[in-house]
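Asks: The sequence and its predicted three-dimensional model are supplied below.
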Amino acid sequence: MISRKLIIAIATIAATALANNPTDTANFDVFHGTVYNSGVQAGGARGLNGINSHLPGAAITLTDLINTPYLYYNRQLVGISPTDEYGSVAFNSGNSTTFLHLFRYSNTEAKAILGVASKSFGVSFAIRNDDLIEFSKEKSRYDKTVENTRAYENEFSFQLAMPLKDWDLTARAWFIQDSYQDTLHTVEYADADGKQKYTFDRNGFTYSGLLAFSNRPSAKNFSWKAGAFFNRFMYQQDSTYRDTEDHDNDYSYSSFNGGKPYTFINAFYAFSTVALKGKNARALVGGTVAASTRLYDKARDKRNHREDFYMQASIDASPNFLAEYVFNEHWMVWNQSVLIWANNFDYEKYIENAGTSEKRKNKLLDFESATSNVLNRTGLRFEYNRLMLEATLSYRIFNNPFAGFDDRDMLTRFEAFYLF
């Protein structure tokens with residue numbers, strides 16, 4: 001049986017082989033769904049955001065509209081995806097365009113993005129909400145117990161994007177509470193002898209910022225995007241106990257156990273150029289380079305006389321190309337090939353017996369350099385009378401075309417749009 005890589009290679013070569021005489025006959029810059037030119041995220045296994053290897057300069061996607069909201073201006077559409085479980089709508093109202101995007105964030109949560117776009121700017125707000133409050137009360141003639149638990153898992157964000165003559169600007173700020181680390185738990189117990197109260201207050205939250213520039217408004221055959229991402233995770237855990245009968249039992253305790261506060265910084269630069277263009281085929285070649293670091297707050301354990309500093313860092317490069325072939329005004333196929341070259345650093349410095357004459361300093365350094373497997377993602381786009389359908393094919397379609405339609409088999413993604 002012909003292998004998947006061979007089929008993709010043949011399709012890519014066939015598409016680019018027609019690119020002899022540059023022409024504008026075919027329309028490559030049509031609207032696409034979220035999977036087209038989505039690249040791949042690096043560094044997820046290590047907890048670092050790494051880079052997203054999408055190519056600037058490719059055709060507009062729904063993801064571009066969401067991430068750069070001024071691009072929504074004067075675009076009216078309805079979109080759905082049964083595989084990614086989202087619904088999206090944009091409509092004109094006066095001199096602006098209002099848009100709403102609803103999608104599955106996790107198995108138990110959804111996220112909503114609401115925004116408005118005009119000719120000169122676009123803004124959006126996003127919210128994900130999950131507050132849990134549990135209250136119980138037990139009472140008899142001898143004692144009473146009241147227990148209250150509150151847990152939070154919320155996200156709020158604001159985004160602004162605008163064209164600045166030859167460049168455009170995107171800025172985003174967001175705040176996240178994590179229910180696993182943001183909990184307030186109180187227990188009050190009272191009987192004839194007195195009252196006891198236990199409080200456990202755990203606060204874990206993240207606030208982040210993004211600033212990016214691109215030459216989208218003026219780009220022709222060469223496109224670029226550059227920016228930086230900032231993330232700060234804060235954590236503190238407090239426990240208190242009060243006993244009105246015997247105050248010798250009282251205590252107050254504060255720690256960072258398990259939370260590990262950190263600061264994360266990522267800077268990136270992405271580019272692409274139209275390397276090949278023919279009557280029905282086009283190939284964009286480019287890549288992304290990025291540097292990221294996660295600096296954990298210095299930990300001090302006074303009881304055990306230990307101090308600890310830990311950091312993770314990564315320098316990544318991602319060569320990438322996107323090949324497209326237009327059959328006619330209804331059908332087109334595309335393939336994206338991505339490789340991530342990650343260079344990861346882990347550094348730890350800790351002091352034993354800190355503050356004593358027996359102080360000992362230790363340093364550990366770990367370095368890993370690796371190129372990932374090449375990701376090949378193939379998509380098929382169909383448009384008829386303003387109805388647009390796009391599907392991403394999985395390798396299993398070549399092995400067992402009757403395997404099914406879940407996200408591991410025949411169609412990994414399916415999206416549908418009506419463009420008004």
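Replies: Great, that's in hand.
Asks: for residue 365, what are its contacts?
Replies: Residues in contact with residue 365 (C-beta atoms under 8 Å, 6 or more residues apart in numbering) are 345, 346, 347. For glycine as for every other residue, the C-beta is placed from the backbone atoms N, C-alpha and C.
Asks: helix/strand/coil for the second one?
Replies: Here residue 346 takes the strand state, with states given by DSSP: H, G, I helix; E, B strand; the rest coil.
Asks: what about it, distance to residue 368?
Replies: Taking C-beta to C-beta, to the nearest Å as the measure, residue 346 and residue 368 are separated by 8 Å.
Asks: Spit out the contact partners of residue 158.
Replies: Taking C-beta under 8 Å, 6+ apart, we find residue 158 in contact with 123, 124, 125, 172, 173, 174.
Asks: picking up where we left off before, export the contacts of residue 365 as a markdown table, with columns for pLDDT.
Replies: Formatted as a markdown table, the contacts of residue 365 follow (pLDDT from 0 to 100):
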| residue | pLDDT |
| --- | --- |
| 345 | 90 |
| 346 | 91 |
| 347 | 90 |
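Asks: Pull out the buried residues from the residues you listed.
Replies: Among those, those buried by neighbour count (16 or more other C-beta atoms under 10 Å) are 346, 347.
Asks: Which residue ranges of the stretch 251-400 of the chain form strands?
Replies: 251-255, 262-277, 281-296, 299-301, 306-326, 331-338, 341-352, 360-371, 375-384, 387-393 (DSSP state E, counting those that start in this stretch).
Asks: quick one: the helices in the chain?
Replies: 4-17, 62-67, 396-399 (DSSP state H).
Asks: in the sheet, who's paired with the residue lying closest to residue 379 once chain neighbours are set aside?
Replies: Counting by C-beta to C-beta, 6 or more residues apart in numbering, residue 392 is the residue found nearest to residue 379 once chain neighbours are left out, at 4.7 Å. When bridges are called by DSSP bridges, residue 392 pairs up with residue 379, residue 413.
Asks: Show me where the stretch 1-150 of the chain dips below the pLDDT cut-off.
Replies: 1-25, 41-51 (pLDDT under 70).
Asks: contacting residues for the residue lying closest to residue 270 once chain neighbours are set aside?
Replies: Ranked by C-beta to C-beta, 6+ apart and with sequence neighbours excluded, the top spatial neighbour of residue 270 is residue 288, at 4.2 Å. The contact partners of residue 288, by C-beta under 8 Å, 6+ apart, come to 39, 51-54, 268-271, 316-318, 320.
Asks: Find me the pLDDT at residue 288, would you?
Replies: You'll see residue 288 listed with a pLDDT of 91.
Asks: cool, and the one 10 residues further on?
Replies: In the prediction, the pLDDT value recorded for residue 298 is 79.
Asks: same thing with residue 210?
Replies: Note on residue 210: pLDDT of 93.
Asks: Touching, it and residue 160? I think so.
Replies: No. The criterion here is C-beta atoms under 8 Å, and residue 210 misses it with residue 160 at 10.6 Å.
Asks: Would you mind listing the residues touching both of these two?
Replies: In contact with both residue 210 and residue 160: 170, 171, 172, using C-beta under 8 Å, 6+ apart.
Asks: Compare those and tell me which has the most neighbours.
Replies: Among those, the one with the most neighbours (other C-beta atoms under 10 Å) is residue 170, at 21 neighbours.
Asks: Assess the claim that that residue and residue 212 are in contact.
Replies: Yes. Between residue 170 and residue 212 a contact is recorded at 4.7 Å, counting by C-beta under 8 Å.
Asks: Touching both of the two, which residues are there?
Replies: With C-beta under 8 Å, 6+ apart applied, the overlap between the contact sets of residue 170 and residue 212 consists of residue 227.
Asks: Residue 384: what's it in contact with?
Replies: residue 330.
Asks: Please identify which of the contacts of residue 158 is nearest to residue 238.
Replies: Nearest to residue 238 among these is residue 174, at 25.6 Å by C-beta to C-beta.
Asks: which one of the shared contacts of residue 210 and residue 160 is nearest residue 68?
Replies: Looking at the shared contacts of residue 210 and residue 160 and their distance to residue 68, the nearest is residue 170, at 5.5 Å (C-beta to C-beta).
Asks: closest to residue 231 among the contacts of residue 158?
Replies: Among those, and counting by C-beta to C-beta, the member closest to residue 231 is residue 174, at 9.6 Å.
Asks: Who does that closest one form a beta bridge with?
Replies: Beta-bridge pairing for residue 174 (DSSP bridges): residue 157, residue 208.
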